[in-house]
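Chemist: With the sequence up front, the predicted model follows.
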Amino acid sequence: MFKNLLIAVLVAIILTWCFGELFTDSHHMQIMFDDGPANFLEGGLAITGIVIFFVVLGFLLAVSMLSVLFFVGIVVVGSILFAGVAALWPAILFVAIVIWLVKDNKQPNY
C-alpha cells in the first residue's frame with residue numbers, strides 16, 4: 001500500500017515537473033526568486049509545490065461538496081418521510097389496527 005502511494009506520488013511529481021517545464025519554456029515564463037531567475041531545480045520544485053497545493057485543494061473541495069450534497073439529500077428524504085408520517089399517522093394507525101384484528105393467530109397442529 002505504501003509502496004504504491006510512493007510510486008504514485010513520484011509519478012505525479014515527475015509528470016508535473018515535465019509539464020511545468022514544457023509550459024514555462026513554451027510561454028517564455030521565468031520564476032524569479034529574490035533578484036534573479038530560478039534555476040531548473042528551484043523552478044521545478046516551485047511549480048510542483050503549487051500544483052500539489054491546487055490538487056489537494058481541489059480534492060478537499062470535491063470531498064466537501066460531495067459530503068454537503070449527501071447531507072442535503074439525507075435531510076430532504078428525512079423531512080419528506082417525517083412530513084408524510086406526520087400527515088398520514090391516523091391512516092397508518094387505522095391500517096395497522098385492521099391488519100392486527102384480521103390476521104390469523106392460529107398455531108399449526110403437527
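Modeler: Arrived safely.
Chemist: give me every residue that touches the most centrally placed residue in the chain.
Modeler: Centrality entry for the chain: nearest residue to the mean C-alpha point is V63, 2.5 Å, by C-alpha atoms, centre = their mean. By C-beta atoms under 8 Å, 6 or more residues apart in numbering, the contact set of V63 is empty. All C-beta atoms are positioned from the backbone trio N, CA, C, and that covers glycine.
Chemist: what about the helix or strand hosting T24, average pLDDT?
Modeler: Secondary structure from DSSP states H and E places T24 in helix 2-26. Across helix 2-26, pLDDT averages out at 79.
Chemist: Buried residues, that helix. List them.
Modeler: With burial defined by 16 or more other C-beta atoms under 10 Å, the residues of helix 2-26 counted as buried are I13, T16, W17, G20, T24.
Chemist: ok, back up a step: the helix or strand that contains the residue nearest to the centre of the chain to helix 2-26, inter-axis angle?
Modeler: In this structure, V63 sits in helix 40-102 according to DSSP H and E. For helix 40-102 against helix 2-26, the angle by axes from the mean of the first three to the mean of the last three C-alpha atoms, to 10 degrees is 130 degrees.
Chemist: ok, now which ones touch E42?
Modeler: I31, F33.
Chemist: Low-confidence bits of this protein, can you list those?
Modeler: 1, 40, 108, 110 (pLDDT under 70).
Chemist: if we go to 90?
Modeler: Where the chain drops to pLDDT under 90, the residues are 1-72, 75, 78, 81-92, 100-110.
Chemist: and F23, how far is that from M32?
Modeler: F23 sits 16 Å away from M32 when distances are taken as C-beta to C-beta, to the nearest Å.
Chemist: quick revisit: show me the contact partners of the helix or strand that the helix holding T24 is followed by.
Modeler: For helix 2-26, the following helix or strand on the C-terminal side (DSSP H and E) is strand 32-33. Residues outside strand 32-33 that contact it (C-beta under 8 Å, 6+ apart) are A38, E42, A46.
Chemist: Thank you, goodbye.
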